[in-house]
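**Student:** Any chance you could fold what I've pasted below:
(chains A and B)
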Amino acid sequence: NAGVTQTPKFQVLKTGQSMTLQCAQDMNHEYMSWYRQDPGMGLRLIHYSVGAGITDQGEVPNGYNVSRSTTEDFPLRLLSAAPSQTSVYFCATRDTGSYNSPLHFGNGTRLTVT
Amino acid sequence: AQKVTQAQTEISVVEKEDVTLDCVYETRDTTYYLFWYKQPPSGELVFLIRRNSFDEQNEISGRYSWNFQKSTSSFNFTITASQVVDSAVYFCALSEARSGNTPLVFGKGTRLSVIA
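**Tutor:** Next up, the predicted model:
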């Protein structure tokens, strides 16, 4: 099993460009989420989804869109990239069958916006 | 609202020293879950431990131990006889127990450097 797969690993964008960060999982987890990691800021939740067709905002949702059409995939879209979106992005899933289940993380996407 | 505070931004120790990483949390729920994650220099996030709010037993796993104290809202992590491979950023996280769908809230992390 691959677990949580994020693509691409690295990306450089110019201000104003759009792109989609991909996240795919093969663990059949209903819960999926996106975090961004910035120096000194820890991991901050962008968006999350508790199942296909259901999404919700986290702490820092502005500038990002998500959709969840399948259990396996949870893409994160940047509609018009800004330098403030330079960050490392992590996708994470969770088994919602148990209240104390941990998050399983992908290996991250390092995004630079110039 | 839930909040996790890791007051120690960076800690540096010499190999074989013991080190404790502090984690203080805030929540209005009486049932909640606490987690520790490790992020080594390679960047991946590795789950270490989880603790339920109704289980205040401390836990030991090899050189790692965790001290959960509800009275002080703390869930501290101690590494005994630290090694260079322990160098990493460590995150504490909290999830309230409304359902398995409740997002985890993370602290800002503590960067531990173990010097040989």
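**Student:** Point out the residues in chain B that sit beside chain A.
**Tutor:** B:6, B:9, B:33, B:35, B:43-45, B:47, B:50, B:52, B:91, B:93, B:95, B:97, B:99-101, B:103-109 (Cβ under 8 Å from any Cβ of the partner chain). C-beta coordinates here come from the backbone N, C-alpha and C atoms, glycine included.
**Student:** And these, which of them are buried?
**Tutor:** Neighbour counting with 16 or more other Cβ atoms under 10 Å in any protein chain shown marks B:6, B:33, B:35, B:45, B:50, B:91, B:93, B:95, B:97, B:100-101, B:103-109 as buried within the residues of chain B next to chain A.
**Student:** do stretch A:39-55 and chain B meet?
**Tutor:** Yes - using Cβ under 8 Å from any Cβ, stretch A:39-55 reaches chain B at A:40-45, A:48, A:50.
**Student:** How about the contacts made by B:Val13?
**Tutor:** Contacts for B:Val13 (Cβ atoms under 8 Å, 6 or more residues apart in numbering or on different chains) come out as B:19, B:82, B:112-115.
**Student:** Derive a ChimeraX selection command for the buried subset of these.
**Tutor:** Buried residues among these (16+ other Cβ under 10 Å), as a ChimeraX selection:
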select /B:19,82,112,114
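**Student:** Need the max-distance pair from the contacts of B:Val13.
**Tutor:** Based on Cβ to Cβ, the longest span within these runs between B:Val19 and B:Ile115 and measures 11.6 Å.
**Student:** what about the longest strand that chain A contains, distance to the chain center?
**Tutor:** Longest strand in chain A by number of residues (criterion: DSSP state E): strand A:42-51. Chain-centre distance of strand A:42-51: 7 Å, with Cα atoms, centre = their mean, to the nearest Å.
**Student:** Output the contacting helices and strands for whichever helix or strand comes after that strand.
**Tutor:** The element immediately downstream of strand A:42-51 (helix or strand, assigned by DSSP states H and E) is strand A:54-57. Here strand A:54-57 touches strand A:42-51, going by 3 or more Cβ pairs under 8 Å, 6 or more residues apart in numbering or on different chains; DSSP states H and E.
**Student:** With just CA atoms, put the strand it packs on into CSV.
**Tutor:** Only the C-alpha atoms of strand A:42-51 are listed here, as CSV (Å, rounded to 0.1, in the frame of the first residue of the first chain):
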residue,chain,number,x,y,z
GLY,A,42,3.7,24.9,13.0
LEU,A,43,1.1,23.1,11.0
ARG,A,44,-2.0,25.0,10.1
LEU,A,45,-5.2,23.5,8.8
ILE,A,46,-6.3,24.8,5.4
HIS,A,47,-9.3,22.6,4.5
TYR,A,48,-10.6,19.2,5.4
SER,A,49,-13.2,16.7,4.2
VAL,A,50,-15.1,14.1,6.1
GLY,A,51,-16.2,12.2,3.0
